[in-house]
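1. Please work out how this folds:
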Amino acid sequence: SSSSARLPTTSTPSLADAIVQELHQRANPQTKAWFTNYVKNTEWIGCKVPTVRSAVQDVWRRREGKTGGMGDDASLLEDGIQLLQHPACDAKLGGMMLLSEKMNVEELASKAVLDRFDADVWCGNHLSDWSSADWFSNRVLAKIGFSGKHDLAERILSYAERRDGSLWQRRCGVVSFLQYHKHRDNLPADFGLRL
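-> You can find the predicted model right below:
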């Protein structure tokens, strides 16, 4: 009688998991040691910014070719948040790149996305160093803040005064608007005075 052995099932890892796997394959021990020394009390896989960007792009291209598309913005948000929750700063940066470079700005710049950041990023203290906070400010929150949706810009600015927010969230409330001079037409008229 023939054996009814089953072949192992393989599932495609999530986009976030595939990016983390790619970062591990590209990791450099010297880069990891340098970042760990420079940005104290942080974890790193060992990838510089250009390496993270190329890993995200390569995983994106491979997935896009296999699926004919990358899914909707809701799945990109889930993968981005999963990466933001990763303990390694370079994985977090991959999540920020995914959100800011691949997600439709109209979907990214929404109250629902900021609500998700409150619930799944800030409350878990997943951005707890100056490097990750500044990257998040400049890559993701600035894109939302300068989108022309004044209520969202006001909400991000309010992070600076949040008594229940972490030091890093409060820092993001200001750092997100470092490029104010280039985008002031997308903000309320008195915004610069309050910044």
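2. Check which helices and strands the host helix or strand of Val56 is in contact with.
-> When elements are assigned from DSSP states H and E, Val56 belongs to helix 49-67. Counting contacts by 3 or more CB pairs under 8 Å, 6 or more residues apart in numbering; DSSP states H and E, helix 49-67 is packed against helix 15-26, helix 89-97. The way it works is simple: take the backbone N, C-alpha and C, and place the C-beta from them, glycine included.
3. contact partners of the worst-scoring helix or strand of the chain on mean pLDDT?
-> Taking mean pLDDT, DSSP states H and E as the measure, helix 191-194 is the helix or strand of the chain with the lowest mean score, a mean of 86. Residues from elsewhere that reach helix 191-194 (CB atoms under 8 Å, 6 or more residues apart in numbering): 153, 157, 177, 180, 184.
4. now the residues you listed: which count as buried?
-> 153, 157, 177, 180 (16 or more other CB atoms under 10 Å).
5. which one in these is the model shakiest on?
-> Within those, Tyr180 has the lowest pLDDT, namely 92.
6. Let me see the contact set for that residue.
-> Tyr180 makes contacts with 187, 191-192, 195, as judged by CB under 8 Å, 6+ apart.
7. can you check Asp134 too?
-> So Asp134 contacts 171, 175 (CB under 8 Å, 6+ apart).
8. before we move on, what about Ala109?
-> Ala109 makes contacts with 143-144, 147, 149, 152, as judged by CB under 8 Å, 6+ apart.
9. ok, now with 7 Å
-> 144, 147, 149, 152 (CB atoms under 7 Å, 6 or more residues apart in numbering).
10. cool, Asn104 as well?
-> For Asn104, the residues meeting the contact criterion (CB under 7 Å, 6+ apart) are Asp73.
11. okay, it: pLDDT?
-> With respect to pLDDT, Asn104 has a value of 92.
12. before we move on, the earlier item: now the contacts of helix 191-194 as CSV including secondary structure and distance to Trp122?
-> Compiled in CSV, those are given as follows (DSSP: H, G, I helix; E, B strand; the rest coil; distance: CB to CB, whole Å):
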residue, secondary structure, distance to Trp122
Ala153, helix, 17
Leu157, helix, 15
Phe177, coil, 18
Tyr180, helix, 22
Arg184, helix, 27
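13. Just put those residues in JSON lines and tack on distance to Arg139.
-> Listed next are the contacts of helix 191-194 as JSON lines, based on distance: CB to CB, whole Å:
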{"residue": "Ala153", "distance to Arg139": "16"}
{"residue": "Leu157", "distance to Arg139": "17"}
{"residue": "Phe177", "distance to Arg139": "14"}
{"residue": "Tyr180", "distance to Arg139": "16"}
{"residue": "Arg184", "distance to Arg139": "20"}
